[in-house]
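Colleague: Structure for this input, please:
(chains A and B)
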Amino acid sequence: MSSAVDSALDKALKGPGFERRIARRNLKDRLSRYGVTFGGIGVIFSVLLIMFFLVYVVLPLFVPASVHKQGSFAIPGQVADKSLYYGVDEYQSSAVRFTESGKMIGFNMENGQIAFEDMLPIEGHKITAFTIVNEIQNEIAFGLDDGRLLIAKYGYKVTYPNDKRTITPNITFPYGEEPMEIADGEITHLAMRDGESEMKIAYQASGSNELHVKLFSKTESMLSDTITLEEDSSGSVASDIQAKWLLLDGSGRNLYAVDEQGKTGYFNLSDPESPELQQTLSLMKGDEKPTVVRFLLGDYSLMVGTDHGQVYQWFPVRNANNVFELTYIRSFDTGSSAIKSIAIEKNRKGFAITDAAGQFQLFHSTAERHLNTQQVSDKALGLTILAPRANGAIVETSDGQLVHYEIDNEHPDVSFSSLWGKVWYEGYEEPSFTWQSSSASADFEPKFSLTPLTFGTIKAALYSMLFAVPIAILAAIYTAFFMDKSTRQWVKPSVELIEALPTVILGFLAGLWLAPYMESHLPGFFAIFIVVPFGIILFGYGWTKVPKVIRQKIPVGRRAVLMIPVVIFLGWFALQLSTPLENALFGGDMRHWLTYSAGIDFDQRNAMVIGFAMGFALIPTIFSVAEDAIYNVPSYLVNGSLALGASGWQTMVGVVLPTASPGIFSAIMLGFGRGVGETMIVLMASGNTPLMSVNLFEGMRTLSANLAVEMAEAEVASSHYRVLFLAGLVLFIFTFVFNTLAEVVRQRMRRKYGSL
Amino acid sequence: MKTWFKKGEHWIWMSSASVAVSVVLVFGLIAMISYKGLIHFWPHAVYEYQLKQGEATETLVGELRDTKLKEFKNPQTGKPEHISQYLVKMGNRDLYGIDFRWISGSDLISKEEKLADNIVVIERYEYGNVYGWLNQFAIDGKTYQGDKDIESILAEQVQKGSDLHAEIKHIEKIEIGAVNYKLEQLRLDEKRLRANHEYDDEAKVKLAQERAELQKEFEQHQAEAQVLYKQLDSLGELTVKVSGGQSMQVPVRKIVEFWQPNNMSFGEKVGFFFHGIGRFLSEDPREANTEGGIFPAMIGTITMVLLMTVLVTPMGVIAAIYMREYAKDGPLLRTVRISINNLAGVPSIVFGIFGLGFFVYIIGGSIDELFYGYALPSPTFGTPGLLWAALTMALLTLPVVIVSTEEGLSRIPRSLREGGLALGATKIETITRIVLPMATPAIMTGLILAIARAAGEVAPLMLVGVVKLAPELPVDSIAPFVHLDRKFMHLGFHIYDVGFQSPNVEASQPLVYATSLLLVIIIVSLNLGAISIRNRLREKYKALDN
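Modeller: The predicted model follows:
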């Protein structure tokens, strides 16, 4: 070698320049190692983040309520003067206390400082009855000892003097400050409802056991804001119940009179001129006595507190004879001390109780959840009121204190039982699985049962598996085992091509083409299941009679190509049979026959359409994995079996299938997993009604389609939003478990044959 | 026969038939979509039907769209009989109220189909097609009569009209669009200044000045457009006679195109067919997406998919390199690998809700609070949009890219890596110079599969940024050119929306088939491309292994 080359090499491989280059390269290597490691872990982490995020969103649903004491102070005004009602503003900064003697005491919720103390305009008369007309609007009414009635409304004004929020309570008298005359004598019991255009009042006057009902129509004066009431009709009914509580429900049609033993008269006021007794019953079990009776939000359910610490929920339910009956729904166990007071939430079906043992407890009725217990004092408690947004409460204690609590209770309406169990919703005839997430009315009871959705999901997946599994597995067997190489080369990718087809196209075809077509050719589709298999076997047997010269032209490995025209013909033939079959068996219209003769409901977009359309979409998933499993069965096993004289199919059943069965199992699992998560096909072709019926001719709503329909409209961080995320989490876990199972089985199998 | 069954021959026949069923279903489906999608562009013949209406006869002119047999009981014999029913598209929606009508074969006076001679079909910007005969054409007080004269002048005027429409569209969409965009920016500037308490007199004057300039520009453009509109109005008016003897005025400015399907030669029909396809691909949708083209949906899909590719490529490749080249093999890595594999099987809608909850509400909401606080409460990024859609789809397709890249990396023989290291290359040099170039086809396969999946996926996009009608394209000529915060249209969602939410299902169905066909073509060709790359790759490594 020449010295010039040597010196050039020396120069390149030695000296500071070389060292620097090496150092630079090593640094680059190290940096990129860190970079790749960091990036790789980051990506993997972000992928796993999905699951954690779903859990993060769902978790608050199951967090119990937390209650913090905000402060306590002496009850403003005279303690001996019994409180009837507290009006609290939305920010919980001020409140007004209404007392039995007719006082209105406004005070600061932070320190109890009295802001004003006024008298109701009752002109020296005594308040003998009190009722809450509208809990949400803080409308209350007082019955007086001279048979007159005063209606008051608590409200507040928010002003911002000097950029500081100031709240001034504001008590108004929507029907005038002058009490209106309704009864002849002292009003002892009062219940009323104030509607858009009319007002209904039920009352009992002293010395009489008659219940009176009066209906007033409201007219708004054109000139001023005042509303005048005009008596429309009135009626009365004798009652043998010494009522202690009188309650008129939200519709104004049902009146309940409850005596101190819990005996209850349920009166129907549909015709206010002649109220009638519909039912007499006891609201108690055993020897308890009611201590509080009041409505839940929506004024439909009766909440009855007893001296044994139970709260019973009752509401009218339509029975078999189409008559409403007051029915026991559920109970809440608060301990063993007498219930002193029940307060309700003004936007949900939650309530709070206070009892004789000094406890304040939070519940939710639909979800049957006990959310929190606070030991307020060691003596009995008095009245409690929940703040308008259910984020606070005030509780009276027997030693004259008013305790203010702050409540953090975001999602009381969801519990395990309300998500998965049967729930008896207000107005329903029996406990049911229902999904109905939203409605226009404010006192709506959301129905978050995931059961019908899960049921629909599994129904859709199962029906489509019914179609997909036989075809996919048989096709996989043939393609992997019998088919010759050159045909296999194009058949396999073409079947796998289905997987790439956008499901929105399949859904569109299923919903707009297949569904109506199937409806008009229903018998034909059933005929397919008989005609096609029999036709194939007949054709196969007939093939043995064909001259050998022709038979040898198509070896076993090419039979699939031969079958293409046969299958097309058989399918066409089966559909042609539709009308003759329909005329012969179903009186000319199968749909009509199904509905009227067989009593089976029929929807155009039904499980059968889904079965075909989604089954089609599942074929490639199952086919591909099963085909791989069969194809990878070692050939010496096959050859051994064939050499021992077994036929092709006998080898298949005896040797190949047992060996490949884990792979086929994992193929079916994967197919099922995909069927569970498929969205667009079900969204477009299933009708999307959350039903719980296995009927082939009815639709369903799946978890995934439900997400697609409702997710965009759900209010962020609401219970609905979180329940939808829970549905997503259920889907996620479902598919994840199925796929993992399939994957583990497949890997184990691969290892096993790797060693063979 | 017994031995035939015993040998299980019938099962072999059944299994071969299953393959045939699958193949028939795939190709039948594709054939059906192709036929129904393409037939939409073919100039349909227009027929004349004579109908009995009690004593009188009614003439109906239109395209035959569908036939079905309807069964009914003959009242005299009591036996079921079949009667053909024809769905006829008769157009002239503003005159008849409906443009599709089912007619019964029993009402037809003559059974054979009669072509309507010299009928003209006019496509309008509003109210669908007109079917009728040319009667006269009036322009500037001059009237033309006689088919030939009308045709030549009409063709000329319609051409002028469409040029004017294009010009107006340019002014309204691009020029005025730009001005509006700047005005909106000024409004936001003002809000920002106010929020920062920097809105002093100087800024006020400056903003007012800029606003005035833009206003002037705006008015100028509007004036230009007005002039063009005037010109459009003066292009003349066509009178056509429609079936039923009425005549109808169609001003040229409302005409998109006109043709005489029954007078066309085959060559002309082929020309019209391709012209129709071209228009379908390049025009905006009209009439609540039931007419016109799908250009914005195509652009939306492409933009989203490209952006997704840009995001998913580095993520997927780096994760795969880490897992294959750097991470220690062990149970942990195996678990991670299985999880990533399984993520490909997680329902796409779950990615959708993740995108909505995490990207849109949490990340987008935070971005808005940090950088776009002045625009609140109207959200900038805290609402579904292009960026979030692309990110969600990137996450959705990430497993595909990771798995396929890893597979590619694992196929590269160890000897090559060792050779690189033995020659003194550092690890990263071996990876970037030897391993990655050889794995490129595998990465490409993964990317193509990812693109195909993203192009066809609809469910998650419904939550994170797709809308039925986007007022603006997500890419345009105004900086920053790609508008990450905009909502966009998408072919798959277009199918869902037009097929299911459209008020006029019959009119929109052909369009849905055409859109489906386009989507199928895109996705099938992407998949075939991926398959061919994969096959070539396998061949290549077979050679290496030996």
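
Colleague: contacts, neighbours, all on C-alpha from now
Modeller: Will do.

Colleague: Can you spell out the domain ranges of the chain, please?
Modeller: In the absence of a named chain, chain A is used. As given by automatic domain parsing, the domain ranges for chain A are A:3-62, A:122-282, A:451-755.

Colleague: meant chain B actually
Modeller: Residue ranges for the domains of chain B, per automatic domain parsing: B:39-134+B:240-283, B:141-235, B:295-545.

Colleague: Of those domains, give the one that comes closest to chain A.
Modeller: Between chain A and those, the shortest gap by C-alpha to the nearest C-alpha is with domain B:295-545, which sits at 3.9 Å.

Colleague: next one: that closest one to chain centre, how far?
Modeller: Taking C-alpha atoms, centre = their mean, to the nearest Å, one finds the center of domain B:295-545 at 18 Å from the center of the full chain.

Colleague: Could you identify which of the domains of chain B is most buried?
Modeller: Mean neighbours per residue, mean count of other C-alpha atoms under 10 Å in any protein chain shown, is largest over the domains of chain B for domain B:295-545, with a mean of 20.

Colleague: can I get the domains of chain B in a markdown table with distance to A:Pro634 and mean pLDDT?
Modeller: Output for the domains of chain B, formatted as a markdown table (distance: least, C-alpha to C-alpha, whole Å; pLDDT from 0 to 100):
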| stretch | distance to A:Pro634 | mean pLDDT |
| --- | --- | --- |
| domain B:39-134+B:240-283 | 50 | 82 |
| domain B:141-235 | 66 | 84 |
| domain B:295-545 | 20 | 86 |
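
Colleague: Just send those back as CSV, with distance to A:Ile394 too.
Modeller: CSV is the format used below for the domains of chain B (distance: least, C-alpha to C-alpha, whole Å):
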stretch, distance to A:Ile394
domain B:39-134+B:240-283, 64
domain B:141-235, 39
domain B:295-545, 34
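
Colleague: can those domains go into CSV with extra columns for distance to chain A?
Modeller: Supplementary listing: the domains of chain B in CSV, determined by distance: least, C-alpha to the nearest C-alpha, whole Å:
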stretch, distance to chain A
domain B:39-134+B:240-283, 8
domain B:141-235, 17
domain B:295-545, 4
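
Colleague: who wins for proximity to A:Leu296 among those domains?
Modeller: Closest to A:Leu296 of these, according to C-alpha to C-alpha: domain B:295-545, at 33.4 Å.

Colleague: sec struct for A:Tyr154, please.
Modeller: strand (DSSP: H, G, I helix; E, B strand; the rest coil).

Colleague: Now do the same contact list for the closest residue to it other than its chain neighbours.
Modeller: Once flanking residues are discounted, A:Tyr154 sits nearest to A:Ile171: 4.7 Å by C-alpha to C-alpha, 6 or more residues apart in numbering or on different chains. Taking C-alpha atoms under 8 Å, 6 or more residues apart in numbering or on different chains, we find A:Ile171 in contact with A:152-156.

Colleague: Which residue ranges of the stretch 401-546 of chain B form helices?
Modeller: B:414-422, B:427-430, B:436-456, B:459-464, B:491-501, B:505-545 (DSSP state H, counting those that start in this stretch).

Colleague: Just list what the last one packs against, helices and strands only.
Modeller: What it means is helix B:505-545. Here helix B:505-545 touches helix A:485-500, helix B:9-39, helix B:436-456, helix B:491-501, going by 3 or more C-alpha pairs under 8 Å, 6 or more residues apart in numbering or on different chains; DSSP states H and E.

Colleague: ditto for the first one
Modeller: Secondary structure elements in contact with helix B:414-422, counted by 3+ C-alpha pairs under 8 Å, 6+ apart, are helix B:427-430.

Colleague: What residues of the host helix or strand of A:Phe569 count as buried?
Modeller: A:Phe569 belongs to helix A:559-576 when elements are defined using DSSP states H and E. By neighbour count with 16 or more other C-alpha atoms under 10 Å in any protein chain shown, helix A:559-576 contains the buried residues A:559-561, A:563-564, A:566-568, A:570-571, A:573-576.

Colleague: CA atoms only for it, dumped as CSV, please.
Modeller: The C-alpha trace of helix A:559-576 is given here as CSV (Å, rounded to 0.1, in the frame of the first residue of the first chain):
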residue,chain,number,x,y,z
ARG,A,559,-64.9,-26.2,-7.3
ALA,A,560,-65.4,-22.8,-5.8
VAL,A,561,-65.3,-21.3,-9.2
LEU,A,562,-67.8,-23.8,-10.5
MET,A,563,-70.1,-23.0,-7.6
ILE,A,564,-70.3,-19.3,-8.4
PRO,A,565,-72.9,-19.6,-11.1
VAL,A,566,-74.7,-22.3,-9.1
VAL,A,567,-74.9,-20.1,-6.0
ILE,A,568,-76.2,-17.2,-8.0
PHE,A,569,-78.8,-19.3,-9.6
LEU,A,570,-79.9,-20.9,-6.3
GLY,A,571,-80.2,-17.5,-4.7
TRP,A,572,-82.1,-16.1,-7.5
PHE,A,573,-84.4,-19.1,-7.6
ALA,A,574,-85.1,-18.8,-3.8
LEU,A,575,-86.1,-15.2,-4.2
GLN,A,576,-88.3,-16.1,-7.1
